[in-house]
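A.B. asks: Build me a model:
(chains A and B)
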Amino acid sequence: MTQDEMRALVLAELQRIAPEVDGAALDGARPLREQVDLDSVDYLGFLVALHKATGVDIPESDYEAVATLDGCVAYLLAH
Amino acid sequence: MSDIRLPSLGADMDAATIVSWCVAPGDAVQKGDLLGEIETDKGVFDLDSREAGVVAALLVAPGTKVTVGTPIVRLQEAVPVPTAAAPEAPEAPEAPEAPEAPEAPEAPEAPEAPEAPEAPEAPAAPEAPAAPSALAAPAAPPPSPSPHHPHVSPLARRIAAEHGLDLAGVTGTGVQGAITQADVARALAARDDATPAAPTGAPVPTPASAHTPATIVDGMRRAVAAAVTRSKRDIPHYYLEHDVDLHAALAWLARHNADRPITERVLPAALLVRATVQALARVPELNGVHEHGAFTPSSAVHVGIVTALRGGGLVAPVIADAQTHSLAELNAALLDLVQRTRAGALRTSELGGGTISITNLGDRGVRAVHGVIYPPQVAIVGFGAIADRPWAVDGMLAVRPVVTITLAADHRVSDGIRGAQFLADIGRRLQAPEDA
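C.D. replies: Numbers count the residues shown, from 1 in each chain, chains lettered A, B, ... in the order given. Below is the predicted model of the structure:
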């Protein structure tokens, strides 16, 4: 999967939870939860959706690494 | 022979519009089966059956607004009935309707009167049982009479209807192939790509709902306003708050989650709910309902989870019998309910019947939330943010993750001392989370 495809996948899962998100307006280097209103239930739902789509299980100790859109895409591609 | 009546989904609901039926006379239904959809001020909900039987008649035509308690579906006992006889069954038993008249059938008419345009429709249902059954087939839009059609979330159905999208061509990716809001959005995007010209086709015949996003928000605000106004008018609240060190609980939870796949990961919020439910067992005067001037304690703990919707407004779906749930079960129920609430895919059996509520605004960073009791309940527990704070430990200053737990309770039913004992008990339980 290319970086663009992975980014599109992550954005699609994010928009399933937060339909108001405009992918083009997101800053890839800023934490998602600072830009999108996601509570802990939304956020876990988002990570579970990514797990189901990619097979990657993100442990809690790696939450820091996936906090931004760029970080998330890179992490999923690397695993 | 029994009637299913329009259920109350909370103190803020006194009527609903029947949007569609997905059963027809002669269909056998089990407890929990989908009967149709209803629309309240808070949105559209799947109406699931609270009993088993065979549908004898649909008593209310789609598009009709009825008050809580109005008989809407007549069920007969689930004995094998020749198919041919089924459609006629409703007519014979119609006679017994008369004795019930003073009780229910009048309810829809009286309140309906001021809303003139709908009045003529309502009475039609009880008088002519044949009409609604005939109406049911053409008026129920996408659902086929088969109870096994893929489930469509009410929100997905509404969006599809607004855009004139035929759901038959949409692939569902939800649970058991259910069509979700996202599936409809994808299908719409695909269609719009294919036909750049604005889709001007007549909208699919549907739901009698004339709701636009703006009126839905208006309805939601009205419903919330009614509930909180009644609460503040009728319930003398008292408020307590209690700070709890979550150092032990969070350390335990981190170890617990480290060994588990992401799909079984437990949220701190579930731990807080669990401790609250356990502590309630010792304080019956906080768990139950106050109606008609008297308090009825409940031995079961049905917890309403106050959930904010993305478009604004609140819904409090209920985890029934929470006292019987393990931590893992509570966590799963919490995730499932909150996600389905926000996706607009709740069932009516998941609303109403709460005996206490929990509100958690911690993710938004507030230190404490002083809740408004949801009548007829008598207490609401609130959680603020879990944040590092200076904390005295053994005479030394430490930095610990601390949460402020609040209680708003009905002073007619309990006194502050009981509330204080309850909050202290929650705090103690959170020091030994492994017992959860």
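A.B. asks: Tell me the buried residues in stretch B:290-303?
C.D. replies: By neighbour count with 16 or more other CB atoms under 10 Å in any protein chain shown, stretch B:290-303 contains the buried residues B:His290, B:Phe295, B:Ser298, B:Val301, B:His302, B:Val303. Quick note: C-beta positions are derived from backbone N, CA and C, even for glycine.
A.B. asks: Give me the contact list for it.
C.D. replies: B:235, B:273, B:276-277, B:280-281, B:284-285, B:287-289, B:318-323, B:353-358, B:375-378, B:410, B:412-413 (CB atoms under 8 Å, 6 or more residues apart in numbering or on different chains).
A.B. asks: What separation is there between A:Glu20 and chain B?
C.D. replies: 7 Å (CB to the nearest CB, to the nearest Å).
A.B. asks: Could I get the phi/psi values of B:Ala398?
C.D. replies: phi -130, psi 170 (degrees, to the nearest 10).
A.B. asks: and it, how far is that from chain A?
C.D. replies: Between B:Ala398 and chain A the computed distance is 23 Å (CB to the nearest CB).
A.B. asks: Thought B:Arg389 was touching that residue, still the case?
C.D. replies: No. B:Ala398 lies out of contact with B:Arg389 (CB atoms under 8 Å); the separation is 9.7 Å.
A.B. asks: Closest residue of chain B to chain A?
C.D. replies: B:Asp363 (3.8 Å; CB to the nearest CB).
A.B. asks: I'd assumed A:Asp37 was in contact with that residue.
C.D. replies: No. Here B:Asp363 lies out of contact with A:Asp37, judged by CB under 8 Å, at a distance of 9.0 Å.
A.B. asks: Between these two, which has more neighbouring residues?
C.D. replies: B:Asp363 (19 against 13; other CB atoms under 10 Å in any protein chain shown).
A.B. asks: Provide the backbone phi and psi angles at the residue lying closest to that one once chain neighbours are set aside.
C.D. replies: Spatial nearest neighbour of B:Asp363, chain neighbours left out: A:Asp39 (3.8 Å); criterion: CB to CB, 6 or more residues apart in numbering or on different chains. Taking degrees, to the nearest 10, you get phi -90, psi -180 for the backbone angles of A:Asp39.
A.B. asks: do B:Gly382 as well
C.D. replies: Dihedral angles (degrees, to the nearest 10) for B:Gly382: phi -120, psi 140.
A.B. asks: Compute the number of surrounding residues for it.
C.D. replies: Counted with other CB under 10 Å, residues neighbouring B:Gly382 total 23.
A.B. asks: Now do the contacts for it.
C.D. replies: Going by CB under 8 Å, 6+ apart, the list of residues near B:Gly382 reads B:Ile358, B:Thr359, B:Asn360, B:Leu361, B:Ala368, B:Val369, B:His370, B:Gly371, B:Ile405, B:Thr406, B:Leu407, B:Ala408.
A.B. asks: Help me confirm that B:Asn331 is found in a helix?
C.D. replies: Yes. Counting by DSSP: H, G, I helix; E, B strand; the rest coil, B:Asn331 is located in a helix.
A.B. asks: my read: it touches B:Val266, true?
C.D. replies: Yes. With contact defined as CB under 8 Å, B:Asn331 counts as touching B:Val266 (4.6 Å).
A.B. asks: From B:Val244, how far off is the residue of chain B closest to chain A?
C.D. replies: 17 Å (CB to CB, to the nearest Å).
A.B. asks: again, but for B:Ala275
C.D. replies: Counting by CB to CB, the gap from B:Ala275 to B:Val244 is 9 Å.
A.B. asks: Isn't B:Val381 up against B:Ala279?
C.D. replies: No. Counting by CB under 8 Å, B:Val381 sits too far from B:Ala279 to count as a contact (9.2 Å).
A.B. asks: Neighbour count for those two, which is higher?
C.D. replies: Using other CB under 10 Å, the more surrounded residue of B:Val381 and B:Ala279 is B:Val381, with 29 against 21.
A.B. asks: What residue in chain A comes nearest to chain B?
C.D. replies: A:Asp39 (3.8 Å).
A.B. asks: avg pLDDT for stretch B:407-416?
C.D. replies: Confidence over stretch B:407-416 (mean pLDDT, whole number) is 97.
A.B. asks: Mind listing what's buried along it?
C.D. replies: In terms of neighbour count (16+ other CB under 10 Å), stretch B:407-416 has its buried residues at B:Leu407, B:Ala408, B:Ala409, B:Asp410, B:Val413, B:Ser414.
A.B. asks: and stretch B:261-270, what's its mean pLDDT?
C.D. replies: 94.
A.B. asks: Is any residue of it near chain A?
C.D. replies: Yes. Contact of stretch B:261-270 with chain A (CB under 8 Å from any CB of the partner chain) involves B:Pro261, B:Ile262, B:Thr263, B:Arg265, B:Leu267, B:Pro268, B:Ala269.
A.B. asks: So which residues on chain A come close to chain B?
C.D. replies: Checking chain A against chain B by CB under 8 Å from any CB, the hits are A:15-20, A:37, A:39-42, A:44-45, A:47-48, A:51, A:57-61.
A.B. asks: buried subset of these?
C.D. replies: Neighbour-count burial (16+ other CB under 10 Å) is assigned, among the residues of chain A next to chain B, to A:15-18, A:39-42, A:44-45, A:47-48, A:51, A:57-58.
A.B. asks: Just give the closest residue to the residue nearest the centre of chain B, not the sequence neighbours.
C.D. replies: Taking CA atoms, centre = their mean as the criterion, B:Leu351 is the residue nearest the geometric centre of chain B, at 3.0 Å. Closest residue to B:Leu351 apart from its sequence neighbours, by CB to CB, 6+ apart: B:Leu9 at 3.9 Å.
A.B. asks: before we move on, the earlier item: got any residues that touch both of B:Ala275 and B:Val244?
C.D. replies: With CB under 8 Å, 6+ apart, B:Ala275 and B:Val244 have common neighbours B:Ile426, B:Leu430.
A.B. asks: Partner strands of whichever strand or helix holds B:Ala57 and their direction?
C.D. replies: When elements are assigned from DSSP states H and E, B:Ala57 belongs to strand B:53-58. Its sheet considered, strand B:53-58 pairs with strand B:28-29 (antiparallel), strand B:71-76 (antiparallel) by DSSP bridges.
A.B. asks: Show me the beta-bridge partners of B:Glu291.
C.D. replies: Bridge pairing for B:Glu291 - DSSP bridges - gives B:Ala294.
A.B. asks: Please read the previous query as pertaining to B:Asp3.
C.D. replies: Beta bridges link B:Asp3 to B:Arg74, judged by DSSP bridges.
A.B. asks: my guess is it contacts B:Val73, does it?
C.D. replies: Yes. Contact criterion CB under 8 Å: B:Asp3 and B:Val73 qualify, at 7.0 Å.
A.B. asks: Among the two, which residue is more densely surrounded?
C.D. replies: B:Val73 (27 against 16).
A.B. asks: check contacts around that one.
C.D. replies: B:Asp3, B:Ile4, B:Val23, B:Leu35, B:Ser49, B:Val55, B:Ala57, B:Leu58, B:Leu59.
A.B. asks: can we see that at 7 Å?
C.D. replies: Neighbour list for B:Val73: B:Asp3, B:Ile4, B:Leu35, B:Val55, B:Leu58, B:Leu59 [criterion: CB atoms under 7 Å, 6 or more residues apart in numbering or on different chains].
A.B. asks: want to throw those into TSV with distance to A:Pro31 and pLDDT?
C.D. replies: Listed next are these as TSV, based on distance: CB to CB, whole Å; pLDDT from 0 to 100:
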residue	distance to A:Pro31	pLDDT
B:Asp3	54	90
B:Ile4	48	90
B:Leu35	44	91
B:Val55	52	93
B:Leu58	51	93
B:Leu59	53	93
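A.B. asks: got those as CSV, with distance to A:Val10 columns?
C.D. replies: Shown next, in CSV, are those (distance: CB to CB, whole Å):
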residue, distance to A:Val10
B:Asp3, 50
B:Ile4, 44
B:Leu35, 38
B:Val55, 45
B:Leu58, 45
B:Leu59, 49
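A.B. asks: B:Glu434: which of those residues is nearest?
C.D. replies: B:Leu35 (43.4 Å; CB to CB).
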